[in-house]
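1. quick one, what's the 3D model for this:
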Amino acid sequence: MLLESQDYQGWNSPWERSAISVDRGPCAWTVLIPFFNERNFLDGTLASLAAQDVPFELILIDNGSTDGSGDVAAAICQRLGLSFTLRVDRRPGKVNALQSGIECTQTPFVATCDADTLYPTDYLRRAQHLLETSGAVAGGAYFVTPTATAEDHAQAAQRMARAAKLLPAQCHTGGAGQVFRTDALRRAGQFDASRWGYVLEDHEIMHRMAKLGRLAYGGALWCAPSPRERDRESIRWTLLERVLYHVTPKPARDWFFYDFLGRRLAARKLTSDRIRERQFYAQTDFANRSATPA
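-> The predicted structure follows:
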């Protein structure tokens, strides 16, 4: 039975958390969905997860939404009969939200998913097969559009395979399609803004995971980010930074991230919360920010 509560509303302090949770019995997976003002996209994402063919624990992390996304997410889960835990973490930034979710993860595998992304019904089953058969500590899915054809899938999978073969210890997918062994993720230091509080957290976490074991990218693992207006040019890394990432040898990647890239991102004020700045959000969402939304 799904437990219902409204306790996740009305927090006044910077970091407050509450939960709506149920006991779903033993399962292998936890799915984390951090979100900020995603009420228009949560329905499709949650419906795709409700159709998964293996059981999983769902943890939703509301990162201080101002549009009622937490209420919307809870209502959708209830309508779909989807068991869930809802946490509220008002510390700005995806890294903080993911940290909050990992703290209450108890399953051997964890998937980080985005609130605007659609997942095939066998996503978690294929992810587990990928990690177990390869002995990998982490893995990733290729991205296609929701209307992708079989040829589109084949081409995207081939691009992923080529990149992973050429650069096996690097990140080749975004956080919407990353999967981890939970114990290895914790040994790597998991998501932690005191360690890495900038954008490109999906690349930095894979750097740390690669120190512990293999990264796997499977041709059968995919997901589909929803079509939407995007305005993220100001939070991307530069061409120089991207090229240097690819050519820096593995033993020197600590230098690349923590001495080179981290300092450059800090100078540009590209902290993790900057990913929330999109033109399609209301200006009132950023009324307390001194910078103009990117």
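2. low-confidence ranges in the stretch 1-150 of the chain?
-> Low-confidence segments of the stretch 1-150 of the chain (pLDDT under 70): 1-25.
3. you'd agree residue 30 is in a helix?
-> No - assessed by DSSP: H, G, I helix; E, B strand; the rest coil, residue 30 does not belong to a helix; its assignment is strand.
4. that one: neighbour count?
-> By other CB atoms under 10 Å, the residues close to residue 30 number 24. Where C-beta positions appear, they are placed from N, C-alpha and C, glycine not excepted.
5. what sits against it?
-> Contact criterion CB atoms under 8 Å, 6 or more residues apart in numbering gives 56-59, 101, 105-107, 109-111, 182 as the residues in contact with residue 30.
6. run through the helices of the stretch 151-294 of the chain in chain order.
-> Along the stretch 151-294 of the chain, the segments classed as helices by DSSP state H, counting those that start in this stretch run 182-187, 201-210, 239-247, 253-254, 262-267.
7. TSV for the ones you listed, including mean pLDDT, mean neighbour count and distance to residue 133?
-> Listed next are those as TSV, based on pLDDT from 0 to 100; neighbours: other CB atoms under 10 Å; distance: least, CB to CB, whole Å:
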stretch	mean pLDDT	mean neighbour count	distance to residue 133
helix 182-187	98	17	16
helix 201-210	98	22	18
helix 239-247	96	12	27
helix 253-254	98	17	26
helix 262-267	96	14	34
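8. now do the strands in the stretch 51-200 of the chain.
-> For the stretch 51-200 of the chain, the strands defined by DSSP state E, counting those that start in this stretch occupy 56-62, 85-88, 109-112, 117-118, 138-143, 178-181.
9. got the ones you listed as TSV, with mean neighbour count columns?
-> Shown next, in TSV, are these (neighbours: other CB atoms under 10 Å):
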stretch	mean neighbour count
strand 56-62	26
strand 85-88	23
strand 109-112	25
strand 117-118	22
strand 138-143	26
strand 178-181	26
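10. make JSON lines out of the ones you listed and add distance to residue 68.
-> Below are the strands of the stretch 51-200 of the chain laid out as JSON lines (distance: least, CB to CB, whole Å):
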{"stretch": "strand 56-62", "distance to residue 68": "10"}
{"stretch": "strand 85-88", "distance to residue 68": "12"}
{"stretch": "strand 109-112", "distance to residue 68": "23"}
{"stretch": "strand 117-118", "distance to residue 68": "21"}
{"stretch": "strand 138-143", "distance to residue 68": "28"}
{"stretch": "strand 178-181", "distance to residue 68": "28"}
